[in-house]
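# Okay, predicted coordinates and the sequence, questions at the end:
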Amino acid sequence: MTEPALKSFDPAEYRSVVFFAGAGLSAESGVPTYRGHAGIWAQYNYEDYACQRAFDRDPVRVLDFHEVRRTHVLQCAPHAGHRHLAQLQAAYPHIRVVTQNIDGLLQRAGIRVDAELHGSLWRQRCPSHGLRDDLEAGPYRHRQCPDCGAWLRPDITWFEDRVNEAVFDTARRLVAGCELFVSVGTSGVVWPAAGFAQLARDSGALMVEVNPEDNEASALYTHRLRGPASKVIPGCFRLPG
Ligand code: APR
């Protein structure tokens, strides 16, 4: 059976649009996804590198791991899908972006991100002095707080962490109010972020999935655009004119 022609969507036809991004959006830029044979969790045990217990046990090992990821991400560049999404959002400010990604590639493409659900590789958290950006090179400028000496924890929602409720509230409001919900590159298995697709569907949004493969949440989508983000986003979402 031949694949149906990829439908195209005009964001002007919807009062509100949410693009919901997962690691698959960054895959073609060279940033590894989390699941699948080459995924990060196939190579690293999160209990040693990406949870509070590991950080408390061995902060240097955890910070080393995150510095390797920062350095790698800096060698990656946004692709045609990111660039097209940036143009779409510039033309249609009602396009909002909610991401699970921590790599900052959306921002580097000039995209306004409304909610970073799982934090960022480019931000740290001091238990006493709060958040601090560290947008520089791969290695952190400071591993310990210059004001109090505490280890600076990456501002990332690790496994076993509570999510940032304020960020999730923002995302929930945007998703519940959108008329077009476009998920790009997510396996839809990590909660509570995975619940946004059902929320969008229950709210009556047109459901569009951009992913080369089927996954657990695919049944929620009426339009499953089976292809890579770098091709499908430019090919299926129309700019004005
Ligand atoms: N274009 C679009 N999608 C792609 C591409 C591509 N070029 N390549 C892979 N994908 C899809 C895969 O088919 C898969 O469904 O991207 C998805 C990646 O899934 P995951 O690796 O599970 O990433 P994600 O869904 O973002 O993970 C959610 O899990 O580990 C936690 O906090 C981490 O935010 C992350 C969360």
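Okay, I see it.
# can we go C-alpha only for contacts and neighbour counts from here?
Fine.
# contacting residues around His72?
31, 138 (Cα atoms under 8 Å, 6 or more residues apart in numbering).
# ok, it to Arg57 distance?
To Arg57, His72 is 25 Å away according to Cα to Cα, to the nearest Å.
# distance of Ala109 from Val97?
From Ala109 to Val97 the distance is 13 Å (Cα to Cα).
# More neighbours: which of those two?
Per other Cα atoms under 10 Å, whichever of Ala109 and Val97 has more neighbours is Val97, with 23 against 19.
# Show me how far stretch 86-106 is from its chain's centre.
10 Å (Cα atoms, centre = their mean, to the nearest Å).
# end-to-end on that stretch?
So stretch 86-106: terminal residues 8 Å apart, Cα to Cα.
# what does the average pLDDT come to for it?
Taken as a whole, stretch 86-106 carries a mean pLDDT of 98.
# Report the contact partners of Glu203.
In this structure residue 203 is Ser, not Glu. So Ser203 contacts 176-178 (Cα under 8 Å, 6+ apart).
# Generate a ChimeraX selection restricted to the buried subset of the residues you listed.
ChimeraX command restricting the contacts of Ser203 to the buried ones, with burial defined by 16 or more other Cα atoms under 10 Å:
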select :176,177,178
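# Helices - which of the contacts of Ser203 land there?
Ala176 (DSSP state H).
# Which ones among the contacts of Ser203 also lie next to the ligand?
For the ligand, no contacts are drawn from the contacts of Ser203 by Cα under 6 Å from any ligand atom.
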